[in-house]
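K.L.:
heads up, no residue letters with this:
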């Protein structure tokens, strides 16, 4: 119980709750371990748990009936995967698949709704997380409409690169990253190797070294007159 409390307290969402609200949720929390490729949540099923990703990476995809799935987001550690559905008591809008081995906290949705209704700090943190998710989706639309393959790849790496750090590990399969960035795996590979050829990064398996963050940022910026039509490359 003490170890679980420590894990919860370090999460950005539950850390905002009062000690009393956090303790009440802690008593109902379970830990999940999901291997790469495992299904974490399914589209159109009830969101009966709030899932907080502690470690790993999750691809969130949506599909129409009998249609191919479309990857719409890649969730990282700290994200609450089902927060909108859990708060609104609605079915999941997406399917979540582990792109790397994952550890998650699962909290009964009804318990989270009750706690958020009574705890202003927890509700504020939930709203901030939902706002960030909405902003990321908007950024993704702009990314697809205004940036070419190289710019998208550079921007993706910049978002993953920790502050004051020049190295980042990318655990997801490149096919998943390419799908999220709206390009083919071959286009992603060409973009990454092109950036490496110009000295902007070094590829070492799943690890990427970025010697000059500012230079990579300049490459990621849309060029004047960029097409406003979505491009699939």
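P.N.:
Yep, it's here. Small disclaimer: the values here were computed from a predicted structure and weren't measured. Residues are numbered from 1 along each chain as shown.

K.L.:
Let me see the contact set for the most centrally placed residue in the chain.
P.N.:
For the chain, the residue whose C-alpha lies nearest the mean C-alpha position (CA atoms, centre = their mean) is residue 75; its distance is 1.8 Å. The contact partners of residue 75, by CB atoms under 8 Å, 6 or more residues apart in numbering, come to 53, 57, 58, 59, 60, 81, 96. Just so you know, the C-beta spots here come from the backbone N, C-alpha and C atoms, and that holds for glycine as well.

K.L.:
now do residue 140
P.N.:
Contacts of residue 140 were listed using CB under 8 Å, 6+ apart, and they are 72, 73, 180.

K.L.:
Return the entry from the residues you listed with the maximum number of neighbours.
P.N.:
Among these, residue 180 has the most neighbours (other CB atoms under 10 Å), with 23 neighbours.

K.L.:
where do the strands sit along this structure?
P.N.:
In the chain, strands defined by DSSP state E lie at 30-34, 39-41, 49-55, 57-62, 70-76, 95-98, 102-108, 167-169, 202-204, 207-209, listed in chain order.

K.L.:
packing partners for the last one?
P.N.:
Which is strand 207-209. Contacting strand 207-209 under the criterion 3 or more CB pairs under 8 Å, 6 or more residues apart in numbering; DSSP states H and E are the following elements: strand 167-169.

K.L.:
now the longest helix anywhere in the chain, how far from the centre of its chain.
P.N.:
Using DSSP state H to assign secondary structure, the helix with the most residues in the chain is helix 120-146. Relative to its parent chain, helix 120-146 has a centroid offset of 11 Å by CA atoms, centre = their mean, to the nearest Å.
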